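Colleague: Dropping a prediction and its sequence here:
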Amino acid sequence: MPPSRRNPGPSAGPRNRAALLAAAHEVFAEAGTVAPLSAVARRAGVGQGSLYRHFPDRLALVAAVVEENVAELERASADGAGLPDILRLVTRHAVESVGVVDLLVDDRPGRMLELRDRVATVLAVHLEEARAAGQVPPSTTAADLMLGVELVAGALTRRPAAERPAVAARAWRLLGFEA
């Protein structure tokens, strides 16, 4: 008789949550936010019950993925990244998870609005410095930068994952940015 697997109980919670978020990043990058949540659980190596204990629905999981992306932007900003670096990071997030950005710009869920505002704040922090360096036109506003993010993200929808980086670069060039 094979040895039984010991159930680690609640102590596995943080590890399972981290595995689910890492898996969600990967699965969403491959198949978008419409991917079956069972695929996320399978990739994380946990049962669907574990997924739903941590994230009661798809929006909660997507919001947690966006939260990680926004936290990464905020860390990059605090570490001295300039606006071009911040735009590259936002673009990488958009390329990896097009549907996540679609939900980020949706104005219905309150948490997503808060996350959107945090992205706008990071962009605004670096705007004056970018103006002074001639990286953006003097009339560019933080709202313009957020619109640029939304336009670039929109250009990525329904594009094969392999094409997204080149499409994003072309879109930013058309908008007058190198990202």
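Modeller: That came in fine, so what should we check first?
Colleague: what are the ranges of the helices in the protein?
Modeller: Counting by DSSP state H, the chain has these helices, from start to end: 13-31, 37-44, 48-54, 58-78, 83-96, 98-104, 110-132, 142-156, 164-174.
Colleague: Just name the shakiest helix or strand of this structure by mean pLDDT.
Modeller: Within the chain, no helix or strand scores below helix 98-104, which has a mean of 58 by mean pLDDT, DSSP states H and E.
Colleague: could I get the helices of the chain as TSV with mean neighbour count?
Modeller: From N, CA and C alone the C-beta is placed, and that goes for glycine too. As requested, the helices of the chain are arranged in TSV below (neighbours: other C-beta atoms under 10 Å):
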stretch	mean neighbour count
helix 13-31	18
helix 37-44	19
helix 48-54	16
helix 58-78	18
helix 83-96	22
helix 98-104	22
helix 110-132	16
helix 142-156	19
helix 164-174	16
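Colleague: Which one of these has the poorest average confidence?
Modeller: Per-segment confidence across the helices of the chain bottoms out at helix 98-104, which has a mean of 58 in mean pLDDT.
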